[in-house]
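Novice: everything below, folded, please.
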Amino acid sequence: MRGVPRHRHLVGHADPAQGRRARAVRELRPHPRRQLTKFLRLRTDGASRGNPGPAAAGIVIEDEEGMKLKAMHRWLGVMTNNEAEYHALIDGLKAVESWKPDTLEVCLDSKLIVEQVNGGYRVKEERLKTLNARAKELLASFPDVKVKHVAREQNKRADYLANQALDEHGKG
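Specialist: This next block holds a predicted model:
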């Protein structure tokens with residue numbers, strides 16, 4: 001029929017642009033039995049105002065080209081910066097689990113946490129030993145994972161989200 005979008009019956013929208021947007025949103029959701037993408041990048045940051053002090057986590061999940069697929073933040077309570085970094089990492093790994101990527105690149109700006117998770121540094125603090133074990137357990141569930149240290153400038157989105165959670169909690 002002339003004047004009727006050919007794909008209207010496929011997506012249930014009279015407006016083709018609206019149908020494309022709806023389809024695009026559906027395609028970004030992870031399906032529990034199949035992977036969305038073969039490669040994902042996870043950026044996490046923990047922030048603490050005081051050591052210990054009010055703390056929060058920021059998490060960003062990106063595709064290979066750096067396109068943001070998901071971003072979130074969470075108030076953590078009162079803890080040290082290193083504890084906040086571990087909680088951000090653990091929350092991020094849990095968030096990315098259902099996407100089932102073949103390859104996962106994890107980027108943190110905390111050299112200490114990266115080295116502890118990769119086995120380069122010993123975990124001395126008792127409070128961090130449990131968090132380190134949980135992070136390693138989650139990391140082991142991915143077929144190919146690399147945890148790497150990045151400059152703070154490369155982790156701006158996650159840092160912004162962690163600070164946003166701190167600011168929002170401070171207003172409440």
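
Novice: name the helices or strands packed onto the host helix or strand of I59?
Specialist: Assessed by DSSP states H and E, I59 sits inside strand 53-62. Where contact means 3 or more Cβ pairs under 8 Å, 6 or more residues apart in numbering; DSSP states H and E, strand 53-62 is packed against strand 39-48, strand 68-79, helix 81-97, helix 156-171. Just so you know, the C-beta spots here come from the backbone N, C-alpha and C atoms, and that holds for glycine as well.

Novice: can you put the ones you listed in JSON lines and add mean pLDDT?
Specialist: Output for the helices and strands packed on strand 53-62, formatted as JSON lines (pLDDT from 0 to 100):
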{"stretch": "strand 39-48", "mean pLDDT": "98"}
{"stretch": "strand 68-79", "mean pLDDT": "97"}
{"stretch": "helix 81-97", "mean pLDDT": "98"}
{"stretch": "helix 156-171", "mean pLDDT": "94"}
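
Novice: will you turn these into CSV that also has distance to A55?
Specialist: Conversion of these to CSV gives the following (distance: least, Cβ to Cβ, whole Å):
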stretch, distance to A55
strand 39-48, 4
strand 68-79, 4
helix 81-97, 4
helix 156-171, 8
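
Novice: give me the number of residues near the spatially closest residue to M72 that is not a sequence neighbour?
Specialist: Using Cβ to Cβ, 6 or more residues apart in numbering and skipping residues adjacent in sequence, the residue nearest M72 is I59, 5.1 Å away. I59 has 26 neighbours, counted by other Cβ atoms under 10 Å.

Novice: what's the distance between I59 and G66?
Specialist: Distance check for I59 against G66: by Cβ to Cβ, to the nearest Å, it reads 15 Å.

Novice: quick one on the thing from earlier: single out the most deeply packed of the helices and strands packed on strand 53-62.
Specialist: Most buried of the helices and strands packed on strand 53-62, by mean neighbour count (mean count of other Cβ atoms under 10 Å): strand 39-48, with a mean of 25.

Novice: what angle do it and strand 68-79 make?
Specialist: 30 degrees (axes from the mean of the first three to the mean of the last three Cα atoms, to 10 degrees).

Novice: quick one: strand 39-48 to strand 53-62, angle?
Specialist: On the basis of the same axes, to 10 degrees, strand 39-48 is oriented at 170 degrees to strand 53-62.

Novice: report the strands that pair with strand 39-48, each with its relative direction.
Specialist: strand 53-62 (antiparallel), strand 103-108 (parallel) (DSSP bridges).
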